[in-house]
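Student: What would the 3D arrangement of this be:
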Amino acid sequence: MKYISTRNNKLEFEFRDVFIKGLADDGGLYVPKSLKKYGKEELLELKNLNYNELSIEIISQFLGDFISKEELSSLIKKSYSTFREKEVVKITYVGEIKLLELFHGPTLAFKDVAMQFIGNLYEYYLNKNDKKINIVVATSGDTGAAAIDAIKGKSNLNIFVLHPNNKISSVQRKIMTTVEDNNVFNIAIDGNFDDCQNIVKQMFSDLEFSKSINMSGVNSINWARIIAQAVYYFFSYFKLGKETISFSVPTGNFGDVFAGYIAKKMGLPIEKLIVATNENDILHRAISKGDYVSKEVKETLSPSMDIQLASNFERLIYYINNSDSEKTAEIMEKIKQNSYQIEKKHLDIIQKEFLSESCNEQETLDIIKKNYEENNVILDPHTAVGVGAAKKLSFNDCLVLSTAHPCKFPDATNKAINKHEKLPKELQHVLEKKENFQVLKNTTEEVKNFIKSKI
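Tutor: Here you go, the predicted model:
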């Protein structure tokens, strides 16, 4: 399996380059040169695999000679041994809604599914090659916690997590900032998530700096995240046993729903992927009418989606432009200048695969309230957006990705129904423990200096 950058498809890379670097030197994102495509008969052969077995099958298609199947099997078993569900994910029926619960990992969010795997994959690589790596990641709430849990205490690894100061839920923050391992560093940036993401991208683009600290990233731009998340699209399709399937995906950075797109390109019979956004609706505007112009980020009750520039959208741009990396680079420059409008011929291609909708704050609260009153089940605000988007589009038969446990968002559920879910026993300690994080100005240099002082 060879990889190229979305901004230069003339150079080829191995999976180890893609995994360790995360972002290409030219600022582009890595994509595979080709994809395994399963036919109907091949899909039938996968139908009865358990989650770990299916993970080995799907993920191994992308790794080349990076790791043997035997070692991959051991690594996946270790990665999912901490999940509260034996099969990692779970389909539940809530009234007429079907939910794919992805929050049964150690930090109660879908990010755990990929991050536990990635943490062990890093450890495997570093131990085998006697190297050290500094991971730098931006988070809108859940990625950071999942990454920290996966990396904490591991040898030859440090992790630096940037979150927007006072713009994520207190529970999301405390799950990160109460970790005591000395290879974990939390940084609160005086800005929004896009500012955090831009700082990380600028550090990757500064080749002298990124190479000097052996920098790597686990944001959803890391291809390993995408392939690990693609597995649960296959798994849920087999569990439901229908000829075709559609998904409604609460979306901020376009990574989770892009994993579904990759699953479809690999032959999974997905009818539609619904991109569900909150009031930060750039993806809804882009997919419904071609408007990819960012506006000011609004703070909402679903903070993990408070994003205006969705990094993974670049991969879709590459594919809809017929894998033209020069054209993709030109478009990314337009996006940088905030002047990109999607051409109609490309919008038509997108709309064959994707639908989109957005839910405002009141709609999100109403969905949480209605669902609780009718079904006695509390939805987290991101899942509520996924449910709301499907209902607005009259896609009642789709599977909604339930991306986080509602206990992580007490402000939203208290506002909607005057109650909130308690943290599971194993996490209740974070409410009382001392937090440890550094507040830094919204400048790349300040973050660089902080990282250098710690390594």
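Student: quick one, what contacts E435?
Tutor: By CB atoms under 8 Å, 6 or more residues apart in numbering, E435 lies in contact with R173, K174, T177, T178. All C-beta spots, glycine's among them, are computed from the backbone N, C-alpha and C.
Student: and it, what are its phi and psi?
Tutor: phi -90, psi 150 (degrees, to the nearest 10).
Student: Could you measure from it over to E314?
Tutor: 34 Å (CB to CB, to the nearest Å).
Student: can you count the residues close to K33?
Tutor: 12 (other CB atoms under 10 Å).
Student: Does it touch K10 like I think?
Tutor: No. Using CB atoms under 8 Å, K33 is not in contact with K10, being 11.3 Å away.
Student: shared neighbours of the two, anything?
Tutor: With CB under 8 Å, 6+ apart as the test, K33 and K10 both reach I4.
Student: picking up where we left off before, buried ones among the contacts of E435?
Tutor: Among those, those classed as buried by 16 or more other CB atoms under 10 Å are R173, K174, T177, T178.
Student: pLDDT score for D194?
Tutor: Per-residue confidence (pLDDT) for D194: 89.
Student: ok, which stretches of the stretch 201-350 of the chain are helices?
Tutor: 207-212, 223-240, 255-265, 282-289, 313-320, 325-336, 344-353 (DSSP state H, counting those that start in this stretch).
Student: out of those, which comes closest to N166?
Tutor: Nearest to N166, of all those, is helix 282-289, at 22.6 Å by CB to CB.
Student: Now do that closest one against helix 344-353, angle only.
Tutor: 110 degrees (axes from the mean of the first three to the mean of the last three CA atoms, to 10 degrees).
Student: for helix 282-289, packing partners?
Tutor: strand 270-277, strand 291-292, helix 344-353, strand 354-358 (3 or more CB pairs under 8 Å, 6 or more residues apart in numbering; DSSP states H and E).
Student: deepest of these, which one?
Tutor: strand 270-277 (a mean of 25; mean count of other CB atoms under 10 Å).
Student: In a markdown table, list the helices and strands packed on helix 282-289 along with distance to N192.
Tutor: Listed next are the helices and strands packed on helix 282-289 as a markdown table, based on distance: least, CB to CB, whole Å:
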| stretch | distance to N192 |
| --- | --- |
| strand 270-277 | 16 |
| strand 291-292 | 18 |
| helix 344-353 | 26 |
| strand 354-358 | 18 |
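Student: Could you confirm I159 falls within a helix?
Tutor: No. Read with DSSP: H, G, I helix; E, B strand; the rest coil, I159 is strand and lies in no helix.
Student: what about it, how many neighbours?
Tutor: Applying other CB under 10 Å, we find 26 residues neighbouring I159.
Student: so who does it touch?
Tutor: N134, I135, V136, V137, A147, I148, I151, K152, N183, V184, F185.
Student: likewise K433?
Tutor: For K433, the contacting residues are K174, T178, by CB under 8 Å, 6+ apart.
Student: what's the answer for D291, then?
Tutor: D291 is in contact with I282, R285, Q341, I342, counting by CB under 8 Å, 6+ apart.
Student: ok, now with 10 Å
Tutor: D291 is in contact with D281, I282, H284, R285, Y340, Q341, I342, L347, counting by CB atoms under 10 Å, 6 or more residues apart in numbering.
Student: again, but for N50
Tutor: Applying CB under 10 Å, 6+ apart to N50 gives the contacts K86, E87, V88, F235.
Student: Just send these back as JSON lines, with neighbour count and secondary structure too.
Tutor: JSON lines is the format used below for the contacts of N50 (neighbours: other CB atoms under 10 Å; DSSP: H, G, I helix; E, B strand; the rest coil):
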{"residue": "K86", "neighbour count": "11", "secondary structure": "coil"}
{"residue": "E87", "neighbour count": "16", "secondary structure": "coil"}
{"residue": "V88", "neighbour count": "25", "secondary structure": "coil"}
{"residue": "F235", "neighbour count": "22", "secondary structure": "helix"}
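Student: any idea which of those residues is the one closest to P106?
Tutor: Proximity of these to P106 (CB to CB) peaks at V88, which lies at 12.0 Å.
Student: Can you tell me how far that closest one is from Q341?
Tutor: 40 Å.
Student: Also N183?
Tutor: 44 Å.
Student: So for the two, which residue has more residues nearby?
Tutor: Neighbour count, other CB under 10 Å: between N183 and Q341, N183 has more, with 20 against 13.
Student: Find the nearest non-adjacent residue to the more buried one, please.
Tutor: N158 (4.8 Å; CB to CB, 6 or more residues apart in numbering).
Student: Determine which of the helices of the stretch 201-350 of the chain approaches K47 most closely.
Tutor: For K47, the closest of those is helix 223-240, at 4.8 Å, according to CB to CB.
Student: quick one, that closest one and helix 313-320 angle?
Tutor: Angle, helix 223-240 to helix 313-320, by the same axes, to 10 degrees: 70 degrees.
Student: Helix 223-240: how far from the chain's middle?
Tutor: How far helix 223-240 lies from its chain's middle: 13 Å, per CA atoms, centre = their mean, to the nearest Å.
Student: Same question for stretch 148-157.
Tutor: Using CA atoms, centre = their mean, the mean C-alpha position of stretch 148-157 is found 19 Å from that of the whole chain.
Student: Same check on stretch 32-40?
Tutor: On CA atoms, centre = their mean, the centre of stretch 32-40 falls 22 Å from that of its chain.
Student: Same question for stretch 204-217.
Tutor: Relative to the chain's own centre, stretch 204-217 is displaced by 22 Å; criterion: CA atoms, centre = their mean.
Student: Show residues contacting it.
Tutor: 19-27, 118, 122, 125-126, 131-138, 147, 156-160, 200-203, 221-222, 225, 444, 448, 451-452, 454-455.
Student: S236 is in contact with K98, correct?
Tutor: Yes. Look at K98 against S236 with CB atoms under 10 Å: they come within range, at 9.1 Å.
Student: okay, and the common contacts of these two?
Tutor: I91, I245, L399.
Student: Give me the neighbour count for the second one.
Tutor: Using other CB under 10 Å, I245 has 24 other residues around it.
Student: Now do it, the pLDDT please.
Tutor: 96.
Student: With adjacent residues omitted, what lies nearest to it?
Tutor: Y237 (5.0 Å).
Student: No more questions from me, cheers.
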